[in-house]
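**Student:** Need a 3D model of the following:
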Amino acid sequence: MADSHITPEQITGCVLAGGRGARMGGVDKGLQRFQGLPLALHALQRLAPQVGPLLINANRNAAAYAELGQSLAAEVCADSLPDYPGPLAGFMAGLAHCRTPWLLCVPCDTPLLPLDLAAQMLASRGDADIVIAHGWDTEHSKPGQSPQLRAQPVFCLLRAGLASSLERFITSGGRKIDAWTGQHRSAQALFDRPGDEQAFSNANTLAQLLDLEQIAPERQS
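**Tutor:** Numbers count the residues shown, from 1 in each chain. I've put the predicted structure just below:
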């Protein structure tokens, strides 16, 4: 294929921070502090060396996100649909502003995301148009039990040409990521190596954010 060798410059990175934050009491999750910095900034800083242009999908506090992303030249883009329809709306906003052949989406609430996320997803792609990360499910593992690998569908590498397909799916009422990705050639990227145990640990609640602070390695200045 013509794009069998994809460089970082051919990938736009998009941090999804456009949700309601309902499980955090309605606060803007991406602006909550983790190790002294906003969650969304952690995601941006980890993603930036892996991709070319950067986007932040945000539906509130646009000025705060613009300031947050200024040093990394990250552009802020909002959902085109009202009422916080979910991650797929963030995908669609990212694709609408994507000027590269590929878009890599990540959530704002996973500040320990892999530093080789893009490379591992590309290595797993084959001829797929979509690559979905699979990592350890620490949130739902029970005490004394080892976590299981599960899909992390918001960590998604997308071919930019899928924009029209996604728009049709969403405007017809579709909201589930797997229902849309299942319509296309998809691949899995496994993150099951030593050191990946907390890579997809996220903070849906303020309590989880505090717990994540306890297990995270200290930030290097």
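
**Student:** mind checking pLDDT for the spatially most central residue of the chain?
**Tutor:** What sits nearest the mean C-alpha location of the chain, by Cα atoms, centre = their mean, is residue 106, with 0.8 Å. Note on residue 106: pLDDT of 99.

**Student:** can you tell me the helix or strand for it?
**Tutor:** strand 102-107 (DSSP states H and E).

**Student:** what packs against the worst-scoring helix or strand of the chain on mean pLDDT?
**Tutor:** Least confident helix or strand of the chain, by mean pLDDT, DSSP states H and E, is helix 206-215 with a mean of 91. When contacts are defined as 3 or more Cβ pairs under 8 Å, 6 or more residues apart in numbering; DSSP states H and E, helix 206-215 packs onto strand 33-34. Bear in mind the C-beta positions are built from the backbone N, C-alpha and C, glycine included.

**Student:** In terms of secondary structure, what does the strand it packs on contact?
**Tutor:** Applying 3+ Cβ pairs under 8 Å, 6+ apart, one finds that strand 33-34 contacts helix 206-215.

**Student:** Kindly export the helix it packs on (C-alpha atoms) in CSV.
**Tutor:** Extracted in CSV, the C-alpha atoms of helix 206-215 (Å, rounded to 0.1, in the frame of the first residue of the first chain):
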residue,chain,number,x,y,z
LEU,A,206,-12.3,12.4,41.7
ALA,A,207,-11.6,9.4,43.9
GLN,A,208,-10.0,7.6,41.0
LEU,A,209,-8.0,10.6,40.3
LEU,A,210,-6.6,10.6,43.8
ASP,A,211,-5.9,6.8,43.6
LEU,A,212,-4.1,7.4,40.4
GLU,A,213,-1.9,10.0,42.0
GLN,A,214,-0.8,7.3,44.6
ILE,A,215,0.3,4.7,42.0
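
**Student:** hmm, who's touching it?
**Tutor:** Outside of helix 206-215, the residues within contact range by Cβ atoms under 8 Å, 6 or more residues apart in numbering are 24-25, 32, 34-35, 39, 111-112, 139, 198, 201-203.

**Student:** Now distance to residue 82 and pLDDT too, for those residues, in a markdown table please.
**Tutor:** Putting the contacts of helix 206-215 into a markdown table (distance: Cβ to Cβ, whole Å; pLDDT from 0 to 100) gives the following:
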| residue | distance to residue 82 | pLDDT |
| --- | --- | --- |
| 24 | 21 | 90 |
| 25 | 21 | 85 |
| 32 | 24 | 97 |
| 34 | 29 | 96 |
| 35 | 34 | 95 |
| 39 | 24 | 98 |
| 111 | 29 | 96 |
| 112 | 32 | 96 |
| 139 | 29 | 70 |
| 198 | 35 | 92 |
| 201 | 31 | 94 |
| 202 | 25 | 92 |
| 203 | 26 | 92 |
